[in-house]
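[1] this one's sequence-less:
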């Protein structure tokens with residue numbers, strides 16, 4: 001009785017999803033495959049209803065297909081959210097969604113553990129005991145580094161960004177800046193907010209990196225710094241050079 005009532009409520013609120021779920025009961029595998037793809041094309045709005053359907057479904061194959069579709073849809077949602085937050089300059093938010101994408105709850109556990117592992121991995125290779133600051137070092141690609149520790153490349157970028165802003169870790173900072181310059185416009189959304197950070201060293205570093213990347217999305221903030229009478233002179237100088245490199249024009253005066 002309770003199951004019948006739950007199904008009736010779903011029929012009223014999720015008619016399209018219900019149609020696809022019922023089609024999953026077809027004897028023809030091609031029809032079942034098409035129905036599963038149809039479920040996944042319903043998008044994020046169908047996820048709550050899909051979860052309810054899974055709870056009351058008793059046929060093993062239908063339930064397995066629904067679970068598979070749910071996992072695919074959730075991954076798509078988390079991936080899109082990670083991309084959007086990265087583009088908004090929200091590094092922590094992007095990593096939080098990345099952790100959800102990787103199936104870890106709460107995501108903070110995954111973030112802390114991965115950051116420790118990545119930090120140790122890179123320190124061991126970039127800053128071994130007794131190494132000279134100017135000792136030649138082979139630079140593997142960012143994808144190679146990510147593959148070595150089996151993580152998404154954003155986890156590597158997060159550590160690289162942390163070191164690039166560290167005034168006291170010369171060797172690691174220089175290695176990190178290399179990767180950020182190579183990464184290019186991908187990191188522009190994260191670097192632009194640095195131009196409003198409290199630490200002048202971080203603002204100066206952001207100017208230098210944005211100038212090397214040549215991404216005109218940074219121009220409004222660079223122009224603001226060039227016109228700021230109260231700004232640190234070293235930051236203004238770096239902003240003016242970055243403005244030149246991004247626009248090929250002379251920067252504005254205060």
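    Now that the structure is in, tell me what you want to look at. Predicted model only: the values in this text are computed from it and were never measured.

[2] now do stretch 179-188: distance to the chain's middle.
    Counting by Cα atoms, centre = their mean, to the nearest Å, stretch 179-188 is centred 14 Å from the centre of its parent chain.

[3] what average pLDDT does it get?
    For stretch 179-188, the mean pLDDT works out to 94.

[4] please apply the same query to stretch 164-173.
    The average pLDDT within stretch 164-173 is 92.

[5] likewise stretch 191-199?
    The average pLDDT within stretch 191-199 is 96.

[6] now do the buried residues in that stretch.
    Buried positions in stretch 191-199, judged by neighbour count with 16 or more other Cβ atoms under 10 Å: 191-192, 194-195. Glycine gets a C-beta too; all of them are placed from N, C-alpha and C.

[7] contacts for it?
    If you take Cβ atoms under 8 Å, 6 or more residues apart in numbering as the criterion, stretch 191-199 is touched by 89, 165, 167, 180, 202-203, 205-207, 209-210, 213, 217-218, 221-222, 224-225, 239.

[8] going by neighbour count, which of these are buried?
    165, 180, 202-203, 205-207, 209-210, 213, 218, 221-222, 225, 239.

[9] what's the most distant pair in these?
    180 and 225 (18.9 Å; Cβ to Cβ).

[10] where in the protein is pLDDT low?
    For the chain, the stretches with pLDDT under 70 are 1-13, 104-110, 128-138.

[11] mind jotting down where the helices sit in the stretch 151-254 of the chain?
    Using DSSP state H, counting those that start in this stretch, the helices of the stretch 151-254 of the chain run over 153-164, 170-183, 188-191, 200-213, 219-227, 233-247.

[12] what about stretch 189-198, start to end distance?
    18 Å (Cα to Cα, to the nearest Å).

[13] report the distance from that stretch to the chain centre.
    On Cα atoms, centre = their mean, the centre of stretch 189-198 falls 16 Å from the chain's centre.

[14] contact partners of stretch 239-254?
    By Cβ under 8 Å, 6+ apart, stretch 239-254 touches 195, 207-208, 210-212, 214-216, 218-219, 222-223, 225-229, 231, 236.
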